[in-house]
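S.K.: I'd like to go over a predicted model; first the sequence, then the structure.
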Amino acid sequence: MSIAFSAWPAELAARYRAKGYWLDLPMTHILQEQMRQRPEAPAILCGERSFSYAQLDTLSDSLAAALHQQGLRTHDTALVQLPNQAEFFITYLALLKLGVAPVNALFSHQRLELLAYARQIQPRLVIGSTQHSLFANGDFLNELRDVAPSLHAVMLEASEGAQLPASCLRLADCLAAPAEGYTPTPTSADQVAFFQLSGGSTGTPKLIPRTHNDYYYSVRRSVEICQLSPETRFLCALPAGHNYTMSSPGVLGVFVAGGTVIMARDPEPLNCFALIERHQVNWVPLVPPAVALWLKEAPSHRARLSSLKVIQVGGANFAEALARRVPAELGCQLQQVFGMAEGLVNYTRLDDEPERIFTTQGCPMSPDDEIRVMDVDGQPVPQGQPGMLATRGPYTFRGYYQSPEHNAQVFDAEGFYYSGDLVEQDAQGYLRVVGRVKDQINRGGEKIAAAEVENLLLQHPGITHAAVVAMPDELMGEKSCACVVASDSALKPAALRKYLRAQGVAEFKLPDRFQFLEQLPLTAVGKIDKQRLRNALQASSSEQR
Ligand code: J2J
């Protein structure tokens, strides 16, 4: 049975097809095209290994065939967690061929996140890496089987000679097996191809069903705007599974254009500069804190960066003062990107005036992206005024997976999605992100749902109230602060961090600071007054300066 999801109304779907946005082709078409056009061109460079498009095709065929032999079938789901290496994309392509829809967990995710995803999609397949402590032995696999009785096969990426838990397949063995006569069976183009991860603002991490039609369009349109070509040499230094890294224009965009992806384990500047020089990288997406680190290191390494043409910056608020430094100090063009895994992506255009590029987060990529900027009473605000961003369009989703209650809160009757961002739109349609109404901390591009961490803290026997809020930070833009009322006066931050780690939450969600209070401030209706907490933290951080 195909995966149930909230589809677009027939009238809009017909429009998106008529305009040529939706091609009714599965995303496996990306690789087929390159097999026709440039099979021998290098698709991925990863450490000392190089993979041509033909090799990507053969390896993903082998993997798909091996998984098919294990009993996996079209419309199954998979939970995948792999580090930034070629295997991530080979696996993604193999699952597209098989018609198995994955959730690609970030490598920084831990037990709680993976279990939450497994509970929701009930995967038949888990693919992990022994480079991650969760998969170093069989304990976590047993936990996964408890929450997902559906689980049928487990495959692990492991170094040669490493011992695997009982009955696990080895990724390298499956990649080496011949695929004799394997024919791909992707899901149809209007079905779910995979699930993207929501940054989240609720207690449970939410999943975003993305169809072939909508995602493939978002990638093709991004390639057009970003003018990628077979000459593109793209540094993949942000987490490979993130929507930005994958699709804006991302690695999939490079594959559409026939260019080359160079894998980096993370955006650490010195390693990235060496890769840029060695492989003549000309395109790199970054988040704001990474740009700040690159700007710091660049003066002594300028010659190594001479191949760079474009640095994209997105994922979090990018200070105008830093934006202005990019062209002069990194010797390349800046493109600002304001996107979301739910869909809508805005870009500054390569030929925009520099002022526009420094001061806005771009405009929607599709002529059929519909944007409304709304006030709290549900009325559009006058142009140029701040308001809540609402959007729908040919690649913006229509509902989180299996979340009817939350969907009722974030969609209006016309199917517009309220992203929780406060924006201003100018006469040319360009957006500036000026704030946020969703209860989330944006820690340098990594999103933390306050409610998720609060729920965990409240399970601690020594805590009676908890509120997690953002506090300003020079490098990260924002860090998280947990304001807690403790019944146990001896409770220390170190003990709370240890407790949260033991719960299995990703490290980036651990509060950077704990503030112990006698009581939490309340609003007139008795809710925790987070704005007052934020203001107090802002005041105390400027006092420290
Ligand atoms: C301010 N806030 C921004 C920006 C995202 C491309 C680029 C980024 C993402 C992404 C993505 C911002 N300035 N330039 O998926 O395809 C904040 C907003 C937004 C949320 C989405 C892509 N760019 N943001 O960051 O799903 O609050 O996607 O709603 O992780 O990040 O987060 P996420």
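M.R.: Thanks, I have the structure now. Residues are numbered from 1 along each chain as shown.
S.K.: OK, contacts around the closest residue to residue 259 other than its chain neighbours?
M.R.: Counting by Cβ to Cβ, 6 or more residues apart in numbering, residue 259 lies nearest to residue 232, which is 3.2 Å off, once chain neighbours are set aside. In this view, the C-beta of every residue, glycine as well, is placed from N, C-alpha and C. Residue 232 makes contacts with 254, 257, 259-260, 282-283, as judged by Cβ atoms under 8 Å, 6 or more residues apart in numbering.
S.K.: per-residue pLDDT of residue 543, please?
M.R.: Note for residue 543: predicted pLDDT of 61.
S.K.: secondary structure element for the residue lying closest to residue 487 once chain neighbours are set aside?
M.R.: Distance criterion Cβ to Cβ, 6+ apart; nearest residue to residue 487, sequence neighbours excluded, is residue 464 at 5.3 Å. Residue 464 is part of strand 463-473, with elements assigned from DSSP states H and E.
S.K.: partner strands of that strand, with direction?
M.R.: strand 477-486 (antiparallel) (DSSP bridges).
S.K.: immediately after the strand it pairs with, which helix or strand?
M.R.: The C-terminal neighbour of strand 477-486 among helices and strands, as given by DSSP H and E, is helix 493-503.
S.K.: average pLDDT for that next one?
M.R.: Confidence over helix 493-503 (mean pLDDT, whole number) is 96.
S.K.: tell me which residues of it come out buried.
M.R.: When burial is assessed from 16 or more other Cβ atoms under 10 Å, helix 493-503 yields the following buried residues: 493, 496-497, 499-500, 503.
S.K.: and if you look at stretch 346-360?
M.R.: For stretch 346-360, the buried set under the neighbour-count rule, 16+ other Cβ under 10 Å, comprises 346-349, 352, 356-360.
S.K.: and residue 522, how far is that from the ligand?
M.R.: Residue 522 sits at a distance of 27 Å from the ligand (criterion: Cβ to the nearest ligand atom, to the nearest Å).
S.K.: need the pLDDT of that residue.
M.R.: The score at residue 522 is 93. That number is its pLDDT.
S.K.: what is the burial count for it?
M.R.: Using other Cβ atoms under 10 Å, residue 522 is surrounded by 11 other residues.
S.K.: quick one: residues contacting it.
M.R.: Counting by Cβ under 8 Å, 6+ apart, residue 522 makes contact with 528-529.
S.K.: please apply the same query to residue 107.
M.R.: When contacts are counted by Cβ under 8 Å, 6+ apart, residue 107 touches 81-84, 129, 132, 239.
S.K.: save those as JSON lines, and put in secondary structure too.
M.R.: Conversion of the contacts of residue 107 to JSON lines gives the following (DSSP: H, G, I helix; E, B strand; the rest coil):
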{"residue": "81", "secondary structure": "coil"}
{"residue": "82", "secondary structure": "coil"}
{"residue": "83", "secondary structure": "coil"}
{"residue": "84", "secondary structure": "coil"}
{"residue": "129", "secondary structure": "strand"}
{"residue": "132", "secondary structure": "coil"}
{"residue": "239", "secondary structure": "coil"}
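S.K.: top of those by number of neighbours, please.
M.R.: For the contacts of residue 107, neighbours were counted using other Cβ under 10 Å, and residue 81 has the most, 27 neighbours in all.
S.K.: so that one touches residue 131, yeah?
M.R.: No. Under the criterion of Cβ atoms under 8 Å, residue 81 makes no contact with residue 131, lying 9.9 Å away.
S.K.: in the chain, which residue sits closest to the ligand?
M.R.: Using Cβ to the nearest ligand atom, the closest approach of the chain to the ligand is made by residue 339 at 2.5 Å.
S.K.: interface residues of the stretch 51-200 of the chain facing the ligand?
M.R.: Contact residues (Cβ under 6 Å from any ligand atom) of the stretch 51-200 of the chain with the ligand: residue 199.
S.K.: show me the helices in the stretch 51-200 of the chain, by range?
M.R.: Chain-ordered helices for the stretch 51-200 of the chain, with DSSP state H, counting those that start in this stretch as the definition, fall at 53-69, 86-98, 111-121, 139-147, 171-176.
S.K.: now those as TSV including distance to residue 485?
M.R.: Compiled in TSV, these are given as follows (distance: least, Cβ to Cβ, whole Å):
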stretch	distance to residue 485
helix 53-69	50
helix 86-98	43
helix 111-121	24
helix 139-147	32
helix 171-176	47
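S.K.: please name whichever of those is nearest to residue 481.
M.R.: Closest to residue 481 of these is helix 111-121 (Cβ to Cβ; 20.6 Å).
S.K.: and this structure, what are its domain boundaries?
M.R.: 28-185, 214-436, 440-544 (automatic domain parsing).
S.K.: what about the second one, how long is it end to end?
M.R.: The separation between the terminal residues of domain 214-436, taken as Cα to Cα, to the nearest Å, is 26 Å.
S.K.: for it, what is the average pLDDT?
M.R.: Averaging pLDDT along domain 214-436 yields 97.
S.K.: what's the offset of it from the middle of its chain?
M.R.: Relative to its chain's centre, domain 214-436 lies at 11 Å (Cα atoms, centre = their mean, to the nearest Å).
S.K.: repeat for the shortest one
M.R.: For domain 440-544, the gap between its own C-alpha mean and the chain's C-alpha mean amounts to 23 Å (Cα atoms, centre = their mean).
S.K.: now do the first one
M.R.: Offset of domain 28-185 from its chain centre (Cα atoms, centre = their mean): 18 Å.
S.K.: ends of that domain, how far apart?
M.R.: This stretch, domain 28-185, spans 10 Å end to end (Cα to Cα).
S.K.: what does the stretch 301-450 of the chain put close to the ligand?
M.R.: For the stretch 301-450 of the chain, the contact set with the ligand under Cβ under 6 Å from any ligand atom comprises 314-318, 336-341, 345, 361, 419, 421, 433, 436, 442, 445, 447.
S.K.: try it again with 8 Å
M.R.: Proximity of the stretch 301-450 of the chain to the ligand is assessed by Cβ under 8 Å from any ligand atom, with 313-318, 336-342, 345-346, 361-362, 389, 419-421, 433, 436, 438, 440, 442, 445, 447 identified as the residues in range.
S.K.: taking those one by one, which sit in strands?
M.R.: Secondary structure from DSSP state E places 313-314, 336-340, 345-346, 389, 419-421, 433, 436, 440, 442, 447 of these in strands.
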